[in-house]
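> Coordinates only, no sequence provided:
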Ligand SMILES: Cc1cc2nc3c(=O)[nH]c(=O)nc-3n(C[C@H](O)[C@H](O)[C@H](O)COP(=O)(O)OP(=O)(O)OC[C@H]3O[C@@H](n4cnc5c(N)ncnc54)[C@H](O)[C@@H]3O)c2cc1C
């Protein structure tokens, strides 16, 4: 059942162990480094209760529960469109700058829940566990974080030759015991549960087995703690001076498991490297996840384009040819991403248990191209903004002793000083601030290492044979043409000699 923002905030007040700046956080809903972000997520939950948005953001299950639309198991192209519109509404609310709003993991878990038989290959109970867990999340409208990778200790060695990665160290009647670390858990302080999934390719060896697991447990589990990077959220200043940093720092953490007991009913893969390696691709869940984050990318690219268009108007640079050229690049990014999402819906394919999967090829294009496209959007905002990005003062100056100076010298071509400051502080926060840097890093890496994704695209592209064959067929036709031309030439020469 859909939660309100208040219910969500209340759910974060538990025994979770979150560390930052050398101290333990008492309550993420009141600590100034976390509170604004928690409240921003609460706004998303509240949107589900807005009568004008409820139809768009929620649906009713066969059991009669009204739940978030990101939990829908799509059965048709129309369902994919509906889900995309839901995701877009949340993403537009944050300018696409909160990649880990709860819909991200909801779509993950729904994809896995629909493909429960895959998990059942490791034992029937694991299939049941993932299906039950999906239904539990949907019913309780929970927020999840997840960690997929092992600590960045020594990437030249397999995981079992390092002593940092989380591993199963013991099994009891109650469950598995896990010890070690995992990263990165974005959104962890603001989540109810953490899903710990395999992602990096594991060797199919006995040594790899203790690292091959999938499970999910509450954030407030005994022995589980999180260490955060320093917060971007500014302490002091006005929200309008740091429009994104002050509200949307979703936080990134390392998860440390100290002899953590994971109950069997929350285990989905147990010591099965092969199942772990195939979990995202073979279940079809990756298609659903890419559909979600391509929609985030669209919202984000559109927001960046909107910033650039407003800046061009604000300081009268829209008439310059190279400015138009830069903005047209941003338009291309928006339209490319939009078209790929549409193509994935129109060309959807059958998935597990009567579901449909958005077509993976156009979505893989977004997945592997956006890490290159997004930094360019940031660069264009910097190029267009130039010194305007650093000339604007904080909002306090508008009411300070120098207010008259600000009003006169900070006006733009089409907007007064206060609006110009608002716009350029937004532009600063998406292109130059720590928040902007973290967003760019996020887009480069959140969905995996772009190099290895590119290699996989090359290796797995399904049209390879067809396209290679087409070239050889063309070469064969060319050889035929060549032969005919040679024959014609020979016959002309013969005629010439005879004549
Ligand atoms: C802001 C941010 C948020 C994130 N949030 C999450 C999250 O919520 N959950 C989660 O699970 N993950 C998250 N990630 C992690 C993300 O999944 C990884 O960044 C990504 O998979 C790449 O792994 P890595 O960072 O360990 O890079 P590494 O694997 O350490 O790579 C570092 C460099 O070495 C190269 N390299 C390393 N090993 C190899 C190899 N075997 N072959 C070729 N090249 C190699 C890479 O190309 C890269 O250039 C997040 C990352 C970022 C930056």
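Thanks, I have the structure now. Nothing here was measured: the structure is a model prediction, and the numbers come from that model.

> give me the number of residues near residue 414?
A count of nearby residues for residue 414, using other C-beta atoms under 10 Å, gives 14. For the C-beta atoms, the positions are set from N, CA and C on the backbone; glycine is no exception.

> and it, what pLDDT?
According to the prediction, residue 414 has pLDDT 95.

> Quick one: residues contacting it.
When contacts are counted by C-beta atoms under 8 Å, 6 or more residues apart in numbering, residue 414 touches 313, 314, 316.

> One more pass at 6 Å, please.
Contacts for residue 414 (C-beta atoms under 6 Å, 6 or more residues apart in numbering) come out as 313, 314.

> gap between the lengthiest strand in the chain and the chain center?
Counting residues, the longest strand in the chain under DSSP state E turns out to be strand 253-263. The chain centroid and the centroid of strand 253-263 are separated by 24 Å under C-alpha atoms, centre = their mean, to the nearest Å.

> From the contact counts, what lies against it?
Applying 3 or more C-beta pairs under 6 Å, 6 or more residues apart in numbering; DSSP states H and E, one finds that strand 253-263 makes contact with strand 175-183, strand 224-228.

> got those strands as CSV, with mean neighbour count, mean pLDDT and distance to residue 242 columns?
Converted to CSV, the helices and strands packed on strand 253-263 look like this (neighbours: other C-beta atoms under 10 Å; pLDDT from 0 to 100; distance: least, C-beta to C-beta, whole Å):
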stretch, mean neighbour count, mean pLDDT, distance to residue 242
strand 175-183, 20, 97, 26
strand 224-228, 21, 98, 18
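
> Which of these sits closest to residue 348?
strand 175-183 (32.9 Å; C-beta to C-beta).

> Starting from the closest one, tell me the next helix or strand along the chain.
strand 193-196 (DSSP states H and E).

> which helices and strands sit right next to that next one?
Contacting strand 193-196 under the criterion 3+ C-beta pairs under 6 Å, 6+ apart are the following elements: strand 144-147, strand 213-218.

> Would you mind listing the buried residues in it?
By neighbour count on 16 or more other C-beta atoms under 10 Å, the buried set for strand 193-196 is 193, 194, 195, 196.

> what does it contact?
Contacts of strand 193-196 (C-beta under 6 Å, 6+ apart): 142, 144, 145, 146, 147, 215, 216, 218, 219.

> for the longest helix along the chain, packing partners?
Ordering each helix of the chain by length in residues (DSSP state H) puts helix 464-498 first. In terms of contacts (3+ C-beta pairs under 6 Å, 6+ apart), helix 464-498 is not packed against any helix or strand.

> pLDDT on it, on average?
What helix 464-498 shows for mean pLDDT is 94.

> do stretch 119-127 as well
pLDDT averaged over stretch 119-127 gives 98.

> So which of the buried residues of strand 193-196 is the closest to residue 109?
Distances from residue 109 to the buried residues of strand 193-196, taken by C-beta to C-beta, are shortest for residue 195, at 7.3 Å.

> in the sheet, who's paired with that closest one?
residue 146, residue 216 (DSSP bridges).

> Pull the number of nearby residues for the residue of the stretch 251-400 of the chain found nearest the ligand.
The minimum distance from the stretch 251-400 of the chain to the ligand, using C-beta to the nearest ligand atom, falls at residue 252 (5.0 Å). By other C-beta under 10 Å, the residues close to residue 252 number 20.

> where along the stretch 101-250 of the chain do the helices fall?
Ranges of helices in the stretch 101-250 of the chain, per DSSP state H, counting those that start in this stretch, are 103-114, 116-120, 124-140.

> Leaving out sequence neighbours, find the closest residue to residue 34.
residue 28 (4.1 Å; C-beta to C-beta, 6 or more residues apart in numbering).

> try residue 445
Residue 445's closest residue in space is residue 371 (C-beta to C-beta, 6+ apart), at 7.5 Å.

> Close to the ligand: what parts of this structure are there?
Counting by C-beta under 6 Å from any ligand atom, the chain comes close to the ligand at 146-149, 152, 155, 184-186, 252, 438, 441-442, 445-446, 448-449, 451-452.

> Assign residue 437 to helix, strand or coil.
helix (DSSP: H, G, I helix; E, B strand; the rest coil).

> still on that earlier bit, which positions in the helix or strand encompassing the residue nearest to residue 445 come out as buried?
Assigning secondary structure by DSSP H and E places residue 371 in helix 360-385. Using 16+ other C-beta under 10 Å as the test for burial, helix 360-385 gives 360, 362-371, 373-374, 377-378, 380-381, 384-385.

> Now find how far off-centre that helix is within its chain.
On C-alpha atoms, centre = their mean, the centre of helix 360-385 falls 13 Å from the chain's centre.

> Going forward, the N-terminal residue is numbered 18.
Happy to do that; since the first residue is 18 now, the last one works out to helix 377-402.

> which helices and strands sit right next to it?
Applying 3+ C-beta pairs under 6 Å, 6+ apart, one finds that helix 377-402 contacts helix 302-331, helix 338-363, helix 434-448, helix 451-462, helix 467-477.

> Which SSE is immediately downstream of that helix?
Heading C-terminal from helix 377-402 (DSSP H and E), you reach helix 405-408.
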